[in-house]
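Asker: would you be able to build a 3D model of this:
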Amino acid sequence: MSQKIFLIGLPGAGKTTMGLDLSVHLGIQFVDLDQDIEKDLKLSVSDIFEQKGEAHFRQLEKHQLDKVIGDLDSFVMATGGGTPCFFDNLEIMKRAGQVIYIDTPISEIEKRLVLDTTRPLMKSNSLKDLYRKRKGWYNQADHTIQVYKEVLEIFS
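Answerer: Numbers count the residues shown, from 1 in each chain. As a prediction, the model looks like this:
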């Protein structure tokens, strides 16, 4: 049976960590959208933002999202924090499978990211700013969770 699961949320919310665990639990492939883009371009997301700009990155992200959806029958995907907020990405993800919003408290994310300098939008935005800009998209997810056991309940 085909299963396409998209994890969305702020940078540092735990999409990659939960996605890896969930993919093992379900026995399906894990995809990290940002890592796929980095591998294809041989550049970090930060470098892409710096050298080509956010608009170019969002085009690459859209292309990679469409490619993965078309190429793979089943997967758990950790999207970039902004993925659902551009083009018709959220609508496409919802049509293809289930979208799960990881609603990690901002105070927890701040602790996780205190030493992380690799996230390009964090240089010019606070987490609260990003949340304000993105919550309308995040809140359209099929499910909202805060801890991993809640995602397991969805798929048990």
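
Asker: can you list the low-confidence ranges for this structure?
Answerer: By pLDDT under 70, the weakly predicted segments of the chain are 115, 117, 119-124.

Asker: counting contacts, what elements does the lengthiest helix in it pack onto?
Answerer: When the chain is parsed with DSSP state H, its longest helix is helix 54-71. On a contact count with 3 or more CB pairs under 8 Å, 6 or more residues apart in numbering; DSSP states H and E, helix 54-71 meets helix 33-41, helix 45-52, helix 89-96. The way it works is simple: take the backbone N, C-alpha and C, and place the C-beta from them, glycine included.

Asker: which parts of the longest one are buried?
Answerer: For helix 33-41, the buried set under the neighbour-count rule, 16 or more other CB atoms under 10 Å, comprises 33-34, 36-38, 41.

Asker: ditto for the second one
Answerer: Along helix 45-52, the positions that meet the burial threshold by neighbour count (16+ other CB under 10 Å) are 45-46, 48-49.

Asker: need those residues in TSV with distance to Asn89, can you?
Answerer: Compiled in TSV, the buried residues of helix 45-52 are given as follows (distance: CB to CB, whole Å):
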residue	distance to Asn89
Val45	16
Ser46	21
Ile48	17
Phe49	18
